[in-house]
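>>> Fold the stuff below for me.
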Amino acid sequence: MSIFQKAVRKDIPLLIGVEGASGSGKTKSGLEILTGIGEAVAAREGRPARLGVIDTENKRALYYASSYDFLHLDMQPPFSPLAFGDLIDEAERAGIDALMIDSFSHEWAGEGGVKDWAERLEAGIPKAGIANPESWKRDHWIVQPVKSPGNWSEPKSAIKPGHKWLVAKMLRAPMHIVLCLRSEEKMLMRQVPKLNGQGEPEMWNGKPKMVSEVIAAADRPLLERWQPQCEKDLPYEISTSLLFLPTNPGVPVARKVNEEHVPLIPLDRRITRDVGRALAEWADGAKQVDPRRGEAIAAIAAAPTLDRLERLWAHRDMAPFQGELRAEYDARKADLTPDTDTQRDDAPQNQGEYDGV
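Numbers count the residues shown, from 1 in each chain. You can find the predicted model right below:
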């Protein structure tokens, strides 16, 4: 009997990235996704879901304790990969169905995190009382300094307790995980050929002269300008990653979205728990993604008047989506002026046709 089996999508653990600067709504959006995942788990299992939040932000997640139902853990330094791994083990023992870590950026840039670990290795540990360790002989060090890039080998290692070990642990965890990451605007510095008055490179010993060029953050493409504070390879391990901006809090920009997740994540309005529920249902294989769902969302968002929206909602082709898209419908309804007598409906008036789905 073959050890290979027919491929069936079922029980896929999600690793979702939610990133943004302060004031972008990443924590609230992460909790919406987490809550939606919990609703899907509850519907499948017939019991309340157990949702957990590992909070590295000095109990900031508790700001939302009255609006969301979750188990809270106040994580204090060190924010090492090993410490995060131990808490994931604890979440598994506690029967957590879905876990949010806010902020996972501390694993990279926080006290005791990967960068701190590498910097300590590079500095070494001198004996007590040495004012200027670099001026002393090598035998005056308790732990010898490790020059870069060798100092990164241990902190990033795939062997416990390194960063890659932690990432592998999260990918194998029997729960959905939402990682909240801090983002910051980054300018770009690079070396470019120096040009002469004719626009050609100036040469020196057969090679172009190089000068430094600085590109301001505001002049860079959006997804290059905003960079998450994390190890550079982490985004490749995340299945779906969303960026949130302070200028439009709670409304996602797609950083990396699985093709089958595209219809599940609206990019023109604030994230709701419907997104988490749809992603969890997809991962469980309980519900195939209907491509018409994305068209239905777009049609609701584009309805020009309340009258048009209500006729759209009542159409027979909208019936399969009314339960899961109720939040989108209610939000659009609230946006439209309720006085239909003064509105002009530019849409075709044919009641027998519906071109939205």
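
>>> since we're on Glu295, how many residues are nearby?
Neighbour count for Glu295, taken as other CB atoms under 10 Å: 16. Where C-beta positions appear, they are placed from N, C-alpha and C, glycine not excepted.

>>> any idea how far it lies from Lys232?
Here Glu295 is placed at a distance of 37 Å from Lys232 (CB to CB, to the nearest Å).

>>> now Ala302
Ala302 is 39 Å from Lys232, by CB to CB.

>>> Show me which of the two is the more surrounded one.
Using other CB under 10 Å as the criterion, Ala302 and Lys232 rank with Ala302 on top: 14 against 9.

>>> Read off the pLDDT value for the more buried one.
Turning to Ala302, the model gives it a pLDDT of 89.

>>> now do Pro320
pLDDT recorded at Pro320 is 80.

>>> What of the one 3 residues further on?
With respect to pLDDT, Gly323 has a value of 78.

>>> Could you do the one 10 residues further on as well?
According to the per-residue confidence, Lys333 scores 87 in pLDDT.

>>> Identify the residues contacting it.
Leu306, Leu309 (CB atoms under 8 Å, 6 or more residues apart in numbering).

>>> hmm, 10 Å instead?
Ile300, Ala303, Leu306, Leu309, Glu310, Trp313 (CB atoms under 10 Å, 6 or more residues apart in numbering).

>>> how many other residues sit next to the closest residue in space to Gln229 that isn't next to it in sequence?
In space, and not counting its chain neighbours, Gln229 is closest to Ser105: 3.9 Å by CB to CB, 6 or more residues apart in numbering. Residues lying near Ser105 (other CB under 10 Å) number 23.

>>> do Thr240 as well
24.

>>> close enough to count as contact, it and Ala280?
No - between Thr240 and Ala280 there is no contact under CB atoms under 10 Å: 11.9 Å.

>>> Mind listing the shared neighbours of those two?
What both Thr240 and Ala280 touch, as defined by CB under 10 Å, 6+ apart, is the set Leu14, Ile33.

>>> just to revisit the earlier point, what is the most widely separated pair among the contacts of Lys333?
The span of the contacts of Lys333, defined through CB to CB, is set by Ile300 and Leu306 at 12.0 Å.

>>> List the buried residues of the lengthiest helix in the chain.
Ranked by number of residues, the top helix in the chain under DSSP state H is helix 26-45. For helix 26-45, the neighbour count (16 or more other CB atoms under 10 Å) marks 26-41 as buried.

>>> Would you mind telling me which of Ile300 and Leu306 has more residues around it?
Taking other CB under 10 Å, Ile300 and Leu306 do not tie; Ile300 has more neighbours (23 against 18).

>>> Could you list which residues are in contact with that one?
Ile300 neighbours (CB under 10 Å, 6+ apart): 266, 269, 309, 312-313, 318, 321, 325, 328-333, 356.

>>> That one: what secondary structure?
helix (DSSP: H, G, I helix; E, B strand; the rest coil).

>>> ok, now how distant is it from Leu336?
On the measure of CB to CB, Ile300 and Leu336 end up 11 Å apart.

>>> Check Gly25 too.
Counting by CB to CB, the separation of Gly25 from Leu336 is 23 Å.

>>> So for those two, which sits in the more crowded spot?
Applying other CB under 10 Å to Gly25 and Leu336 shows that Gly25 carries more neighbours, namely 20 against 17.

>>> Would you enumerate the residues in contact with that one?
Counting by CB under 10 Å, 6+ apart, Gly25 touches Val18, Glu32, Phe244, Leu245, Pro246, Asn248, Pro249, Gly250, Val251, Pro252, Arg270, Ile271.

>>> Of those residues, grab the buried ones for ChimeraX.
Filtering the contacts of Gly25 down to the buried ones (16+ other CB under 10 Å) takes a single ChimeraX command:
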select :18,32,244,245,250,251,252,270,271
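
>>> can you put the contacts of Gly25 in CSV and add distance to Trp165 and pLDDT?
Formatted as CSV, these follow (distance: CB to CB, whole Å; pLDDT from 0 to 100):
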residue, distance to Trp165, pLDDT
Val18, 23, 97
Glu32, 30, 97
Phe244, 29, 96
Leu245, 33, 95
Pro246, 34, 93
Asn248, 37, 93
Pro249, 35, 95
Gly250, 34, 95
Val251, 35, 95
Pro252, 30, 95
Arg270, 36, 93
Ile271, 31, 94
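
>>> With respect to Trp204, which of the contacts of Gly25 is nearest?
Nearest member of the contacts of Gly25 to Trp204, counting by CB to CB, is Leu245, at 43.4 Å.

>>> For Lys156, grab the count of nearby residues.
For Lys156, the neighbour count with other CB under 10 Å is 19.

>>> Tell me the predicted confidence for it.
Reported pLDDT at Lys156 in the predicted model: 95.

>>> how about the nearest residue to Pro235, chain neighbours excluded?
In space, and not counting its chain neighbours, Pro235 is closest to Ser241: 5.9 Å by CB to CB, 6+ apart.
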